[in-house]
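S.K.: I'll drop the sequence and a predicted model, then ask my questions.
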Amino acid sequence: MAGERPLRVRVKSVVVAASVSLTWLTLQSQALPDRPGSSRPVPPRAPRIAPVPDAMLTAAQRERIARFVAPGARPGNGIRTLLNVPELVDHTMTFHTYITRDASLPPRDRELLILRSAWLHGSDVIWREHAASARKAGLNAEDLRRVAEGPDASGWDPFEANLLRMSDQL
């Protein structure tokens, strides 16, 4: 009996060591993912869920457009797609509006973060939508180019470089 206990402990130790070794070997054999922003996804040929066209908008959907789209602006495909399930618009666009317009972050900093995230995720749509907002917030064409280059591009002040670096890390 006294000899069994150390044997069990040794067997368990061997099993644990083998499991750790196999896990390590499995992880080592897997390809490392590309660094964010180093490759671009292939865009789909057609939307998986079609945006709601103007002619098909209900009164409830029009009310949501009026609530969440700036006066005189045309609703984009994002909100038009969400309108397929109007309750999604209420929750998603409330958050979107806060992030893009109502947060206490200064507009320039906010647009830097949005554009860097769009670049890293390969979202041409968000980039296009926010390039104009970024210009209104004080970014110029050179700044937009440097957003794509990242935090180590020359010309950023230390705070802006850190904002971009934080976006990269997230």
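M.R.: Alright, I've got the coordinates.

S.K.: give me the distance between residue 79 and residue 124.
M.R.: Noted for residue 79: a distance of 17 Å to residue 124, by Cβ to Cβ, to the nearest Å. For every residue, glycine as well, the C-beta is placed using N, CA and C.

S.K.: okay, those two: which has more neighbours?
M.R.: Taking neighbours as other Cβ atoms under 10 Å, residue 79 and residue 124 compare with residue 79 leading, 20 against 12.

S.K.: isn't that one up against residue 66?
M.R.: No. In this structure, residue 79 is not within contact of residue 66 by Cβ atoms under 8 Å, at 11.4 Å.

S.K.: so which elements touch the helix or strand hosting residue 108?
M.R.: Residue 108 belongs to helix 107-121 when elements are defined using DSSP states H and E. Other elements packing on helix 107-121 under the criterion 3 or more Cβ pairs under 8 Å, 6 or more residues apart in numbering; DSSP states H and E are helix 124-136, helix 141-149, helix 158-169.

S.K.: avg pLDDT for the shortest one?
M.R.: Okay, so that is helix 141-149. Summarised as a single mean, pLDDT over helix 141-149 is 93.

S.K.: dump it to CSV, restricted to CA.
M.R.: The C-alpha trace of helix 141-149 is given here as CSV (Å, rounded to 0.1, in the frame of the first residue of the first chain):
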residue,chain,number,x,y,z
ALA,A,141,-4.5,63.7,-46.2
GLU,A,142,-1.0,63.1,-44.8
ASP,A,143,-2.6,62.1,-41.4
LEU,A,144,-4.9,59.6,-43.1
ARG,A,145,-1.9,58.0,-44.8
ARG,A,146,0.0,57.9,-41.5
VAL,A,147,-3.0,56.2,-39.8
ALA,A,148,-2.6,53.3,-42.3
GLU,A,149,1.2,53.2,-41.5
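
S.K.: residues in contact with residue 105?
M.R.: Residues in contact with residue 105, defined by Cβ atoms under 8 Å, 6 or more residues apart in numbering, are residue 113.

S.K.: residue 114 now?
M.R.: For residue 114, the contact set (Cβ under 8 Å, 6+ apart) comprises 99-100, 126, 130, 133-134.

S.K.: considering those residues, which possesses the most neighbours?
M.R.: Busiest of the contacts of residue 114 [other Cβ under 10 Å] is residue 130, holding 23 neighbours.

S.K.: mean confidence for stretch 100-119?
M.R.: 91.

S.K.: could I have it exported to CSV, CA atoms only?
M.R.: Extracted in CSV, the C-alpha atoms of stretch 100-119 (Å, rounded to 0.1, in the frame of the first residue of the first chain):
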residue,chain,number,x,y,z
THR,A,100,-19.1,58.2,-33.1
ARG,A,101,-20.7,61.4,-31.9
ASP,A,102,-21.6,61.6,-28.2
ALA,A,103,-18.6,60.3,-26.3
SER,A,104,-16.4,62.8,-24.4
LEU,A,105,-13.3,61.8,-26.5
PRO,A,106,-12.2,64.8,-28.6
PRO,A,107,-13.3,64.3,-32.3
ARG,A,108,-9.7,64.1,-33.6
ASP,A,109,-8.8,61.3,-31.2
ARG,A,110,-12.0,59.5,-31.8
GLU,A,111,-11.5,59.5,-35.6
LEU,A,112,-7.9,58.4,-35.2
LEU,A,113,-9.1,55.3,-33.3
ILE,A,114,-12.0,54.6,-35.6
LEU,A,115,-9.8,54.9,-38.7
ARG,A,116,-7.0,52.8,-37.3
SER,A,117,-9.5,50.1,-36.3
ALA,A,118,-11.1,50.2,-39.7
TRP,A,119,-7.6,49.9,-41.3
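
S.K.: okay then, goodbye and thanks.
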